[in-house]
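1. this one's sequence-less:
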Ligand SMILES: C[S@@+](CC[C@H](N)C(=O)[O-])C[C@H]1O[C@@H](n2cnc3c(N)ncnc32)[C@H](O)[C@@H]1O
């Protein structure tokens with residue numbers, strides 16, 4: 001417990017210095033854009049149509065300034081916002097006041113508390129915690145605590161960076177900590193080495209450069225769980241995975257008639273290849289998948305022909321033997337030319353690992369010019385998204 005509270009103290013100091021989560025600062029126009037994006041995320045990515053929040057009790061642990069809770073309140077949830085940072089809680093109160101009328105505002109509660117100290121008899125339909133638990137000394141224990149406030153049949157919305165998605169971020173932290181003598185030095189080095197990341201983040205969120213730097217590289221604690229870790233937490237709290245974004249491995253070949261149903265958390269390692277992709281991802285899916293479809297045009301065509309040959313089979317309309325043979329032969333040939341996303345990703349990851357090794361040689365000798373050159377010429381390392389960091393998991397309490 002002593003370690004837990006000493007970590008909280010340090011994280012609180014960093015977040016009181018630079019707030020990590022104020023995205024639209026009470027600006028109505030910015031908020032509307034933000035809200036639209038969130039409504040899409042919850043409805044289509046998390047599979048939580050907003051109607052289900054109406055009249056429900058929701059508690060948000062580590063709610064920060066409430067920027068990511070407000071739209072749930074506007075969807076009809078009665079919200080309890082919990083955060084250890086008093087300044088953030090005051091801001092969340094102000095934010096709710098600004099966007100809600102008096103009666104609506106009265107439905108919500110704002111509590112300054114550590115997750116570990118929080119006590120309440122009430123149980124909730126929804127427990128949410130996004131971007132907070134990985135900052136605690138013991139995310140697994142923090143998750144257990146949050147999950148204990150769920151009603152049976154209630155849902156948890158838990159989000160944090162994934163251990164693999166956050167791999168490049170941790171590598172950046174290592175470099176900054178290895179090279180810097182104090183906090184000012186850290187900020188200077190972040191600007192020098194990761195200027196593109198900060199510029200990119202600035203484009204998407206209305207935060208200052210110092211807020212972004214603190215949230216990404218300076219905050220004292222960031223311990224991200226892997227997909228398997230989270231599934232283990234779910235299992236021990238008797239929670240079943242309902243959805244996640246990005247989704248887990250999409251293999252789902254069991255018939256809906258199968259019984260008893262199998263639990264995803266009993267398939268350890270199910271997401272390994274996805275996590276490889278999350279670690280290295282530097283382009284948007286749309287481009288990657290479009291490119292992949294184009295490379296497989298021949299195979300896609302012959303697969304369609306293969307399925308057609310036995311479709312709509314009728315007693316008076318069967319295909320000729322010769323035709324069947326030719327379709328099977330063509331399909332067989334086309335299999336040799338398939339390009340799989342997984343193979344391409346594995347090849348790119350080999351280059352990515354070589355880039356890391358070369359960069360670390362310059363880091364070892366504190367050769368800033370060399371580090372900058374290694375980053376500039378890399379194809380994958382610290383490029384574009386630099387990994388898919390954040391993963392959200394939605395679960396149902398059994
Ligand atoms: C990165 S912010 C995320 C805020 C918000 N959930 C969001 O999605 O934007 C992390 C928040 O977690 C809070 N936090 C971290 N550790 C906590 C703890 N042990 N107890 C309560 N709050 C905590 C911090 O004070 C901070 O406001």
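-> The structure has been received and is ready for your questions. Given the structure is predicted, the values throughout are model-derived calculations rather than measurements.

2. in contact with the closest residue to the ligand within the stretch 201-350 of the chain, which residues?
-> The minimum distance from the stretch 201-350 of the chain to the ligand, using CB to the nearest ligand atom, falls at residue 215 (6.1 Å). For glycine as for every other residue, the C-beta is placed from the backbone atoms N, C-alpha and C. For residue 215, the contacting residues are 18, 20, 21, 207, by CB atoms under 8 Å, 6 or more residues apart in numbering.

3. cool, and residue 81?
-> Counting by CB under 8 Å, 6+ apart, residue 81 has contacts 60, 63, 66, 69, 89, 92, 108, 109, 110, 111.

4. can you map out the strands along this protein?
-> Secondary structure of the chain (DSSP state E): strands at 57-61, 78-83, 109-112, 124-130, 150-161, 239-245, 390-397.

5. can I get those in JSON lines with distance to the ligand?
-> Formatted as JSON lines, these follow (distance: least, CB to the nearest ligand atom, whole Å):
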{"stretch": "strand 57-61", "distance to the ligand": "6"}
{"stretch": "strand 78-83", "distance to the ligand": "5"}
{"stretch": "strand 109-112", "distance to the ligand": "9"}
{"stretch": "strand 124-130", "distance to the ligand": "4"}
{"stretch": "strand 150-161", "distance to the ligand": "7"}
{"stretch": "strand 239-245", "distance to the ligand": "14"}
{"stretch": "strand 390-397", "distance to the ligand": "9"}
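
6. low-confidence bits of this structure, can you list those?
-> Scanning the chain for pLDDT under 70 picks out 25-26, 250-253.

7. returning to that earlier point: could you dump the contacts of residue 81 into CSV with neighbour count added?
-> Converted to CSV, the contacts of residue 81 look like this (neighbours: other CB atoms under 10 Å):
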residue, neighbour count
60, 27
63, 28
66, 26
69, 24
89, 21
92, 26
108, 21
109, 13
110, 19
111, 15
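
8. tell me the one of those nearest residue 189?
-> Each of the contacts of residue 81 was checked against residue 189 using CB to CB; the closest is residue 63, at 31.4 Å.

9. confirm for me that the closest one is in contact with residue 85.
-> No - counting by CB atoms under 8 Å, residue 63 sits too far from residue 85 to count as a contact (9.8 Å).

10. tell me the residue in the chain that is farthest from the middle.
-> The C-alpha centroid of the chain is most remote from residue 316, which lies 54.0 Å away (CA atoms, centre = their mean).

11. quick one, phi psi at that residue?
-> With angles defined as degrees, to the nearest 10, residue 316 sits at phi -100, psi 20.

12. the nearest residue to residue 341 once chain neighbours are set aside - how many residues pack around it?
-> Spatial nearest neighbour of residue 341, excluding adjacent residues (CB to CB, 6 or more residues apart in numbering): residue 292 at 5.4 Å. Applying the criterion other CB atoms under 10 Å, we find 13 residues in the vicinity of residue 292.
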